[in-house]
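Peer 1: Need a 3D model of the following:
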Amino acid sequence: MLNISLMKLVELPDRVVGAAPVIRGMADAIGFVDLLNTLFPWDAQQCRTSPGERILAMLLSPHKKHDRSDLLG
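Peer 2: Predicted structure coming up:
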């Protein structure tokens, strides 16, 4: 059994990250971006961002935690 009195407890700051990291991890695990890149033809010389990355960004955007404190005054 751990002796809690000997352990130094460190207080960590609270952080809300939203669902975006979980969704991104799931997309990476199933190869979502690569799958979309094979389904949609695109020219890497004309566009720096692939269709898979663009679609994933659209999916992640509503789930990202945005800091709107600067807009509230």
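
Peer 1: what about the helices in the protein?
Peer 2: 20-30, 32-39, 51-60 (DSSP state H).

Peer 1: State the mean pLDDT of the longest one.
Peer 2: Translated: helix 20-30. Helix 20-30 carries an average pLDDT of 92.

Peer 1: who does it touch, helix- and strand-wise?
Peer 2: helix 51-60 (3 or more C-beta pairs under 8 Å, 6 or more residues apart in numbering; DSSP states H and E). Just so you know, the C-beta spots here come from the backbone N, C-alpha and C atoms, and that holds for glycine as well.

Peer 1: and the angle from the helix it packs on to helix 20-30?
Peer 2: Interaxial angle of helix 51-60 relative to helix 20-30 (axes from the mean of the first three to the mean of the last three C-alpha atoms, to 10 degrees): 150 degrees.

Peer 1: buried stuff in helix 51-60?
Peer 2: 51-52, 55-56, 60 (16 or more other C-beta atoms under 10 Å).

Peer 1: among the helices of the chain, which is nearest Pro13?
Peer 2: helix 20-30 (17.0 Å; C-beta to C-beta).

Peer 1: Would you point out which residue is most central in the protein?
Peer 2: Centre of the chain computed as the mean C-alpha position; nearest residue by C-alpha atoms, centre = their mean is Pro21, 3.4 Å away.

Peer 1: Quick one: residues contacting the closest residue to Glu53 other than its chain neighbours.
Peer 2: The spatially closest residue to Glu53, leaving aside those adjacent along the chain, is Val33, at 5.8 Å (C-beta to C-beta, 6 or more residues apart in numbering). Contacts for Val33 (C-beta atoms under 8 Å, 6 or more residues apart in numbering) come out as 27, 50, 52-53, 56.
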